[in-house]
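J.: Kindly return the folded structure for what I paste below:
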Amino acid sequence: MIRRLRVKIAVRTAVIALVLLAALLTWTIYPPPARNFVFPDGKRFAFTIVDDTDQATLERNKPVYDLLNRYGLRTTKTVWVLEPTELSHTTNLGDSLSDPEYREFISGLQGKGFEIALHGVRGGSSPRHDIIEGLDEFKSVLGHDPSIHVNHSLNQDNLYWGRDRWSFLPYRWTYGLIEDVDFAGQDPTSKYFWADIARRRIRYVNQFTFADINLLNITPSIPYRLNDKPYVNYWFPTANGHNLDQFEELLSTENLDRLEREGGVSLVYAHLGAGSFNQDGTVSPRFEARIKDLASRNGWFVPASEILDYLRQHPGWNGDPSLREKIRMETLFLWTLITR
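T.: Residues are numbered from 1 along each chain as shown. Below you'll find the predicted structure:
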């Protein structure tokens, strides 16, 4: 009799736990209410690329940007200012503004309407005085501070990176067990601290990358603020087009049809200069095919900060995501990390 009662209690407890778990998952995963945007000049959707400069060289970059320019896309190109360090880490390799020919190329891109953003001041960790030097040199070359910063790999000066990327404590703890690397860009006691400078000189920082081409399906609060990360003015998400295979899948005809139909926003994170987008000294025909399809549509093709500024000034914008939105973003990003 007692054993039967214990089994009955255990079953009831398990059922209640499953119901609560299902309710929690439904609460966090169920998409937020859609937001309707009216884009400039009657455009149906907004699209750009945020190009990570890892391993990028002038030789690989030039044909890619010649193609984007030819099809009328104005995107965001991140750069390094100073020469790389920690050369054993291959993602630190690539050209920087310290090279005169590359600097001229980047200045020319800006003159054509492309946005130049920061990927840290170099490939490799930089102390505070080097970061100030790099930001000042960026401004000297390009005439302004960067509007956008994107953290780079294992740079110790990254802002709110590693476990500090997360706001939801269970995910923060879990990630800390998996990746036991700390970053210190926001730590006032560290030689890598520069978050106070970032708050004064940089408007937007990329946080998470997702598999959905329409980022409004992730959160309608783009860009957004996070109270537990006060040194960053605004955060923004990106869609995953990391290499050519992922870019081609993300920009499939079906996904572009849906992006246009939903009136969505897509900021695609890609490594355009790392090699996969090139073929025999020019761009891959697969890449050009996706860009050609994209450019044939009624999209608003401007740099990332222009899109983010527009969304922030749009009626109904709320840059303070709810607890549910924050947990949902972090849950979806964790799922992306697990399944990629």
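J.: Measure how far stretch 81-91 is from the centre of its chain, please.
T.: 21 Å (Cα atoms, centre = their mean, to the nearest Å).
J.: Stretch 105-121 too?
T.: 17 Å.
J.: Could you list the buried residues of it?
T.: Under the neighbour-count criterion of 16 or more other Cβ atoms under 10 Å, stretch 105-121 has 105-106, 109-110, 114-121 buried. (Each C-beta comes from the backbone N, C-alpha and C, glycine too.)
J.: how far does that stretch stretch from start to finish?
T.: 18 Å (Cα to Cα, to the nearest Å).
J.: And the buried residues of stretch 105-121, which is closest to Lys62?
T.: Comparing the buried residues of stretch 105-121 against Lys62 with Cβ to Cβ places Phe105 closest, at 6.6 Å.
J.: Provide the backbone phi and psi angles at that closest one.
T.: phi -60, psi -50 (degrees, to the nearest 10).
J.: show me what contacts it?
T.: 58, 61-62 (Cβ atoms under 8 Å, 6 or more residues apart in numbering).
J.: I'd like these as JSON lines, with secondary structure, neighbour count and distance to Leu93 appended.
T.: Shown next, in JSON lines, are these (DSSP: H, G, I helix; E, B strand; the rest coil; neighbours: other Cβ atoms under 10 Å; distance: Cβ to Cβ, whole Å):
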{"residue": "Leu58", "secondary structure": "helix", "neighbour count": "16", "distance to Leu93": "13"}
{"residue": "Asn61", "secondary structure": "helix", "neighbour count": "23", "distance to Leu93": "14"}
{"residue": "Lys62", "secondary structure": "helix", "neighbour count": "17", "distance to Leu93": "18"}
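J.: Output those residues in a markdown table; the columns should cover distance to Ser322.
T.: What follows is the contacts of Phe105, written out as a markdown table (distance: Cβ to Cβ, whole Å):
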| residue | distance to Ser322 |
| --- | --- |
| Leu58 | 45 |
| Asn61 | 40 |
| Lys62 | 44 |
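J.: Tell me the one of these nearest Asp182?
T.: Asn61 (32.4 Å).
J.: What is the burial count for the residue nearest to the closest one when sequence neighbours are not counted?
T.: Leaving aside its chain neighbours, Asn61 sits nearest to Gly273 (4.5 Å; criterion: Cβ to Cβ, 6 or more residues apart in numbering). Residues lying near Gly273 (other Cβ atoms under 10 Å) number 26.
J.: gap between Gly273 and His149?
T.: As judged by Cβ to Cβ, to the nearest Å, Gly273 and His149 stand 18 Å apart.
J.: Next up, the contacts around the residue lying closest to Asn151 once chain neighbours are set aside.
T.: Sequence neighbours aside, Asn158 is the residue nearest to Asn151 in space, at 4.0 Å (criterion: Cβ to Cβ, 6+ apart). Counting by Cβ under 8 Å, 6+ apart, Asn158 makes contact with 120, 151-152, 183, 185.
J.: What of Asp293?
T.: With Cβ under 8 Å, 6+ apart, Asp293 has these contacts: 251, 253, 256.
J.: In contact with the last one: list those residues for me.
T.: Contacts were defined as Cβ under 8 Å, 6+ apart; by that measure Leu256 touches 213, 293-294, 297.
J.: With secondary structure and distance to Phe47 added, can I get the contacts of Asn158 in CSV?
T.: Output for the contacts of Asn158, formatted as CSV (DSSP: H, G, I helix; E, B strand; the rest coil; distance: Cβ to Cβ, whole Å):
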residue, secondary structure, distance to Phe47
Gly120, coil, 25
Asn151, coil, 23
His152, coil, 24
Phe183, coil, 30
Gly185, coil, 30
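J.: Tabulate those (TSV), appending distance to Asp51 and pLDDT.
T.: Output for the contacts of Asn158, formatted as TSV (distance: Cβ to Cβ, whole Å; pLDDT from 0 to 100):
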residue	distance to Asp51	pLDDT
Gly120	14	98
Asn151	15	98
His152	13	98
Phe183	22	97
Gly185	22	98
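J.: which residues of the stretch 151-300 of the chain fall in strands?
T.: 204-210, 234-240, 265-270, 278-279, 282-283, 299-301 (DSSP state E, counting those that start in this stretch).
J.: which other residues reach the second one?
T.: Contacts of strand 234-240 with the rest of the structure, by Cβ under 8 Å, 6+ apart, involve 50, 203-215, 218-219, 222-226, 229, 246, 250, 266-269, 304, 308, 312, 319, 329, 336, 340.
J.: Mind exporting the C-alpha coordinates of it to PDB?
T.: Provided in PDB are the C-alpha atoms of strand 234-240 (Å, rounded to 0.1, in the frame of the first residue of the first chain):
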ATOM      1  CA  TYR A 234      22.600  49.300 -27.500                       C
ATOM      2  CA  TRP A 235      22.900  45.600 -28.500                       C
ATOM      3  CA  PHE A 236      21.800  44.000 -31.800                       C
ATOM      4  CA  PRO A 237      21.400  40.400 -33.000                       C
ATOM      5  CA  THR A 238      22.600  39.000 -36.400                       C
ATOM      6  CA  ALA A 239      21.600  36.100 -38.700                       C
ATOM      7  CA  ASN A 240      24.200  33.400 -39.300                       C
END
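J.: so how far is it from its chain's centroid?
T.: 4 Å.
J.: for the fifth one, same thing?
T.: Going by Cα atoms, centre = their mean, the spacing between the C-alpha centre of strand 282-283 and its chain's C-alpha centre is 25 Å.
J.: Sounds good, over and out.
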